[in-house]
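> I would like the atomic coordinates for the input below:
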Amino acid sequence: MGASTYFIIAGNLLPLFMCGLGYWHVDQILPLYWSESAIVGFYTILKILASGGPIAKAKRDLPKGPEDYTPQESLGGPYSALAIGGKLFLSAFFAFHFGFFMFVHGLFLFGFVLQGARLGPATVDPMNPALWLSYLWPVRWGIISLSAGHGASFFLNYIKGGEYRAAKANEVMMQPYSRIVLMHMTILGGAFLAIRMRGEGATAALFAFVALKIFMDVKAHLKEHAGLPTAPAEIS
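Sure thing, here's the model as predicted:
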């Protein structure tokens, strides 16, 4: 495992410890992992914008002959006006589509799953931003911890490791969806078990759920970066 994998694990240790000590329960873990999806979406936008250049152009070793250029490069390179416009469009499309996905899941989570378990259905307005913030603010340190883990992976693998060189914006845009859908299904399953159980049993079930989530995160992280090209050794 590379250094970025350890950062991913470290970012997940805070919620694991808080659950194990009994300080965080379903009301904290589910909003925290919902916010992690937003973090993944944010770094995906950065990956789309950075894919192929302009850093790649600046790091080229020697000029190549016309026969050595790819079709994309022959049209002006990864940071030509055409390429930049395309990446901006894909970034905006992804932000809208993924943001809508997050919004709908947030309505279900904050307005019905959490509030329904606590107060019964239709007791609050799920569109109220204050409701969402009331769940996210208590886990702000967990959000910062997860953000740091994903940020470290982005800079160590995608930028310093040179993955952006061979990255294609349209493929990068699709990467988060399978991971996020699986994670959300796991979150809802863990929430159901934890809500149905009480006392020490609920704490143990939630701890096991968080540990399983870390395992899934690491597995998805290793799969995502397996076999991807990295920067030449001389490039720092």
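
> in this protein, what spans have low per-residue confidence?
Counting by pLDDT under 70, the low-confidence segments of the chain come to 1-2, 4, 53-80, 116-124, 183, 186-187, 190-202, 225-236.

> And Gly106, how far from Leu146?
Counting by Cβ to Cβ, to the nearest Å, the gap from Gly106 to Leu146 is 17 Å. The way it works is simple: take the backbone N, C-alpha and C, and place the C-beta from them, glycine included.

> tell me, what residue is most central in this structure?
The residue lying closest to the centre of the chain (Cα atoms, centre = their mean) is Val40, at 1.9 Å.

> The helix or strand that contains that one packs against which elements?
Using DSSP states H and E, Val40 sits in helix 26-50. Secondary-structure packing of helix 26-50 (3 or more Cβ pairs under 8 Å, 6 or more residues apart in numbering; DSSP states H and E): helix 3-20, helix 81-108, helix 129-136, helix 140-153, helix 169-196, helix 199-225.

> I'd like to check the angle between that helix and helix 129-136, please.
100 degrees (axes from the mean of the first three to the mean of the last three Cα atoms, to 10 degrees).

> Pull out the buried residues from helix 26-50.
Buried residues in helix 26-50, defined by neighbour count with 16 or more other Cβ atoms under 10 Å: 26-50.

> Report the distance from that helix to the chain centre.
Mean-position distance between helix 26-50 and its chain equals 4 Å (Cα atoms, centre = their mean, to the nearest Å).

> outside of stretch 129-141, which residues touch it?
14-15, 24, 27-28, 31-32, 35, 106, 110-111, 114-115, 124-125, 143 (Cβ atoms under 8 Å, 6 or more residues apart in numbering).

> Just the buried positions in it, please.
131-132, 135-136, 139.

> so which of those comes closest to Phe7?
Val139 (19.1 Å; Cβ to Cβ).

> so what's that closest one closest to, chain neighbours aside?
Closest residue to Val139 apart from its sequence neighbours, by Cβ to Cβ, 6 or more residues apart in numbering: Leu32 at 4.4 Å.

> May I ask you to confirm that that neighbour is in contact with Gly142?
Yes - Leu32 is within contact range of Gly142, at 4.7 Å (criterion: Cβ atoms under 8 Å).

> overlap in contacts of these two?
Both Leu32 and Gly142 are contacted by 15, 24, under the criterion Cβ under 8 Å, 6+ apart.

> hmm, back to that, with distance to Ala167 added, can I get the buried residues of stretch 129-141 in CSV?
Below are these laid out as CSV (distance: Cβ to Cβ, whole Å):
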residue, distance to Ala167
Leu131, 38
Trp132, 32
Tyr135, 34
Leu136, 31
Val139, 31
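
> Cool, thanks, talk later.
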